[in-house]
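Trainee: next come a sequence and a model predicted from it.
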Amino acid sequence: MRSFTYERARTPAEAAAAASKPGARFIAGGTNLLDLMKLEIETPTHLVDVNKLDLDKIEKTADGGLRIGALVRNSDLAADKRVRKDYGVLSRALLAGASGQLRNKATTAGNLLQRTRCPYFYDTAQPCNKRNPGSGCSAIGGFSRPLAVIGVSDQCIATHPSDMAVAMRVLDAVVETVRPGGETRAIPIADFHRLPAETPAVETVLAPGELITAVTLPKPIGGQHIYRKVRDRASYAFALVSVAAVVQPDGTGRAAFGGVAHKPWRVEAAESAMPGGARAVAEQVFAGARPTEENAFKVTLATRTLGAALSEARG
Amino acid sequence: MKFETPATSNPIDQLKHIGKPTDRIDGPQKTTGTAPYAYERHDRAPNAAYGHVVGATIAKGRITAIDAAAARAAPGVLAVVTAQNAGKLGKGDKNTARLLAGPEVEHYHQAVALVVAETFEQARAAAGLLKVEYAPSRGAFDLAEAKAGAQPVKDPPDSRVGDFDKAFKAAEVKLDATYTTPDQSHAMMEPHATTAAWEDGALTVWTSNQMIDWGRGDLAETLGIPKVKVRLVSPFIGGGFGGKLFLRADVLLAALGAKAAGRPVKVALQRPLIANNTTHRPATIQRIRIGAGKDGRITAIGHETWSGDLAGGGPETAAEQSKLLYAGANRLTATKLAVLDLPEGNAMRAPGEAPGLMALEIAIDEMAEKLGLDPVEFRIRNDTQVDPAKPEKAFSQRQLVECLRQGADRFGWSKRGKPAARREGRWLVGMGVAAAFRNNLTMKSGARIRLQTDGLVVVETDMTDIGTGSYTVIALTAAETMGVPLKQVVVRLGDSSFPVSAGSGGQWGGNSSTAGVYAACMKLREVVAGKLGLDPASAEFADGRVRVGNDSRPLAEAAKDGELMVEDFIEFGELAKKYQQSTFGGHFVEVAVDADTAEVRIRRMLAVCAAGRILNPKAARSQVIGAMTMGAGAALMEELVVDRRRGFFVNHDLAGYEVPVHADIPHQEVIFLEETDPMSSPMKAKGVGELGICGVGAAVANAIYNATGVRVRDYPVTLDKLLEGMPAIA
Amino acid sequence: MQPFPEIDVSRRGLIIAGAATAAAGSAAAGTAPARAAPQAPAGGTVTLVVNGKRRELTVDNRTTLLDALREHLRLTGTKKGCDHGQCGACTVIVEGRRINSCLSLAVMHDGDKVTTIEGLGAPGDLHPMQAAFVKHDGYQCGYCTPGQICSAVAVLEEIKAGAPSHVTADLNAKPKVTADELRERMSGNICRCGAYSNIIEAIEDVAGTQA
């Protein structure tokens, strides 16, 4: 870990301004950033601690939704009574991720900004376009079993590791930010994460110093909320595939997939097929899939996991 | 004491302490965090500087240049150790690759440097400034590819009994199948770690090592200094499983770093280095052929195994148990070794048998099915009470049939149905069984016993406790033999200034080290009797007193003029050659497999073990459940993934190399059969720590087959290998 | 004979470089250092309330809470198993919540109350959870044990507080202390010795739910 200076920010705007300097980064939970700093995958020269900002509330919005402060810890968000009651898929997704200890630290914003768990990204001796642009992708032709099957590029086949983001995607969440100049914006979660394309190192649409202040959820949509995460061990592991689904009594609904792409993967157009079953939906969702030999099973698994979610919804 | 004739009645048979479930005497220290591990010796080396290891980033080749200028100039840096400035280094007897690379690099993450600094943070940051240039060369990294060029090994030699080829050809029912097991990592929780300090040319290392004397010898050899100048101390070891049997880079580099820095230095291997820097259990390819008559009796059994290692390394001896586990007149085993340029392969919990039984015990399950026999019955029908190759050599004890019968009864085995026949909601449910087998090894083991003036009995031996419960069984042995309460015994372990013991490996530690302590106690009894003027032969030691007839004296009286101290050791004669000594068990597993996603959940696990006298049933049970847990990991998830282009294990941390977590493991049940084995030692005990893992993987795989009808012969049995065979989705 | 060339500065060069580095460090504090000339580590003082005692520390900004405990305060009961949040051996309770102390900087905890294994009990005066681990043999090598115990103590509080888990069937009902709940909640604490079955029994014993 390289040396850095450290300051504690008092207001979001002050934090954004402090973090707009070259080499500066925000730190909140730190559960991913410090991990990466120890390996010198992240090398900030200045850390802006945002933990004392007043961004740790969960409040009702005017239109009946919820506004989740950026610093709300994963465990608190999962346990919030309103979230449990009206946005069960979000509680479930959070609880399926990481461990109790990590959820106690990890924040809402930080969770969205998690970086991939591709093992080549983590090994600084190996080429990786995400870590070291232009160096190549070791995962293509290498160990790719846990990696992406869709939305990939010749530069990168990494996945986004978040469970929470998959549920937020299915709930049409909106990410609120403040920029160093003080102006704010609201970014639909669908647009928040980018696909790797030619620049896999650029993972979100955030500008330098832009601080996430909250994530808002639209008013509750009812239905059965299901999050199915499939992994190699029963807990404390990243998803091979996950499905966030909200299914209405008439069989219509929404579904987003985790563990398959560089961002939570959802194809709204495919959802009209949901009453017809998982296969019909998945065929459209994964129409452009480009899996490797090692991870081709994920397309089948995603289809079957959606099937499992739909059966669960039917009860 | 030489153990040459079968044990007769002796003080251990009193069973006042031995055989009773006893809380570990080191429990209060371990549960309060006050047991000191290798990196935590602020008490001994309060001014230790910090070393950070730099690993090679190629699998094979040469270092062409190291630019250490920036690292040396970095804040707090005290020294940068490389092969270039380390002086001439030897190589320990038990190491295949050198522990410090340069100029040759033999494997990925082989240490190339240690950066020593005032603080941990400084050492780590400076290590990042070291620039190492390499000239990589081609290597062999793919076992399947290298298999064709694999060669027979001297140890173990291939074996043939009868005419295997003819008998197999003629057999009415046949199986010829190939199984694979992957490279696995010990992944013990405490990283390899050492604090080293030099004083007047003598070196002390507080480290984490299972075999004190091996480590001491190999450290002296590597540094080129006399063994007497090295003291190795390892009172607490945060898990080993074979990964800490040998001298590793942390010890050597801490020693070199301390020399270079002129003060104590401590080094813990960074977790992401451990999988490639240290040893691992090598992958295997195993071909098993079994021929049987329609009567279910095996007529031919052949087991061939291929594994790879660095040049000069050894094979994974995965075919060995197949010489002894089942009857059959015609037999074949073969062990082939390929040269691979992956990190060094070596022992991991039950080397040989663990992967060997993962394959053999699926094959037996498959064969039983072909014969239309229940797999428990098929195993029982092919039991043997003698070494099939040497019928004159009987097993000293062999209760495999009892293990299987009791296990089947206890587990409700009769409720097991046909494959893919039982469904409970979303779950497909099945049961599997496998035999457990592991040879009983014995090793010479010494101990020193002091009777202090206050009556305390102090045991000193370089035996280690790697979680096995050595402290406690040794205390129980001394309490039993000397006739004192457990709390009157003090046990000191893991220090090379104590007599050399068996150490912890090959499940020989418990039996051998307690036998050594018993030998020393028996000697002390003689000295005590002599001091008290009592006849040693008829003296009874009980309740803290020594009694002959009506003459009863406090034990402490013998030390009233000063502490008494004796040393002795146990060494083993020919009994192990005259009798085949092995341990046995039966593993029963029930799994549920998600019909949609093929996720496997273990619902129940039972092991029935026959392993001689169980010295402390509480810790022995823990050894077995722990081994069952590791076996479950081997069955379901553990695999060091080889990058066959670049020659390294890709998933080299605890997020990538998944081992079981709490949620993977159900309540586990263990039954020990009543057994004493007078051929094994005066303790009449054998080992259980490795037996517990033997066969577990196959029991899980067989249960998955029973649940789903999908037979997977390629470990680990992950869901992607099952999906195609799962029921169609709605 | 040199086995391979080491590009190195001379002894004199070393001294000069060291002096230059120190000068650069003090002059350039707060700005981004160039990679070639590392500056002195930035750090500061932090006050922690550890096991009820106020402890003031001067630490490098890079010092984790774990290393502050183990190396500065010499409270080595908290273990470093992976240093990357992958094992749980470093679990401590901060402001009433269990966290991985390896993934948190000491400077971020100014004023925080920290409970470590040493704060729960001592040999001869064991916390009920520590005693239950001994009774049920819920450990073997002992290295993950302090983390398991700190986690277990916190898990029972979390269930009492009504926090749901991945295996809680009804998100809107109060969770119960069941073996499945404990297994899921304890899954962030890896025990390679495989004492899981016994650990769960120990926790159930403390929770008073064992049959």
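Mentor: Nice, I can see it.
Trainee: flag the shaky bits of chain B, pLDDT-wise.
Mentor: B:730 (pLDDT under 70).
Trainee: go again using 50 as the cut-off
Mentor: Of all residues in chain B, none has pLDDT under 50.
Trainee: please apply the same query to chain C.
Mentor: In chain C (pLDDT under 50), the answer is C:1-3, C:5-40, C:210-211.
Trainee: please report the distance of the closest residue to residue B:419 other than its chain neighbours from chain C.
Mentor: Closest residue to residue B:419 apart from its sequence neighbours, by C-beta to C-beta, 6 or more residues apart in numbering or on different chains: residue B:709 at 4.0 Å. Placement of C-beta: from N, CA and C, glycine included. Going from residue B:709 to chain C by C-beta to the nearest C-beta, to the nearest Å gives 28 Å.
Trainee: neighbours of residue B:709, how many?
Mentor: 17 (other C-beta atoms under 10 Å in any protein chain shown).
Trainee: could you do the one 5 residues further on as well?
Mentor: Close neighbours of residue B:714, defined as other C-beta under 10 Å, add up to 14.
Trainee: just checking, it touches residue B:177?
Mentor: No - using C-beta atoms under 8 Å, residue B:714 makes no contact with residue B:177, being 11.0 Å away.
Trainee: quick revisit: for the residue nearest to residue B:419, give me its contacts.
Mentor: B:419, B:420, B:725 (C-beta atoms under 8 Å, 6 or more residues apart in numbering or on different chains).
Trainee: list the contacts for the last one?
Mentor: What that stands for is residue B:725. B:708, B:709, B:710.
Trainee: show me the contacts for the first one.
Mentor: Translated: residue B:708. B:419, B:420, B:428, B:430, B:593, B:598, B:722, B:725, B:726.
Trainee: just the CA trace of the lowest-mean-pLDDT helix or strand in chain A, in CSV.
Mentor: None of the helices or strands of chain A scores lower by mean pLDDT, DSSP states H and E than helix A:12-19, at a mean of 90. Extracted in CSV, the C-alpha atoms of helix A:12-19 (Å, rounded to 0.1, in the frame of the first residue of the first chain):
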residue,chain,number,x,y,z
PRO,A,12,-20.8,16.3,0.6
ALA,A,13,-19.7,19.3,-1.4
GLU,A,14,-16.5,19.7,0.6
ALA,A,15,-15.8,15.9,0.1
ALA,A,16,-16.4,16.2,-3.6
ALA,A,17,-14.1,19.1,-3.9
ALA,A,18,-11.4,17.4,-1.9
ALA,A,19,-11.7,14.2,-4.0
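Trainee: touching chain C at all, it?
Mentor: No - contact of helix A:12-19 with chain C is not found when judged by C-beta under 8 Å from any C-beta of the partner chain; the minimum separation is 11.4 Å.
Trainee: hmm, residue B:342 and residue B:107 touching each other?
Mentor: Yes - contact criterion C-beta under 8 Å: residue B:107 and residue B:342 qualify, at 6.4 Å.
Trainee: neighbour count for these two, which is higher?
Mentor: Neighbour count, other C-beta under 10 Å: between residue B:107 and residue B:342, residue B:342 has more, with 29 against 25.
Trainee: and the more buried one, helix, strand or coil?
Mentor: Classification of residue B:342 using DSSP: H, G, I helix; E, B strand; the rest coil returns coil.
Trainee: next up, the contacts around it.
Mentor: Residue B:342 sits in contact with B:59, B:107, B:108, B:141, B:183, B:308, B:310, B:642, B:647, B:648, B:649, where contact means C-beta under 8 Å, 6+ apart.
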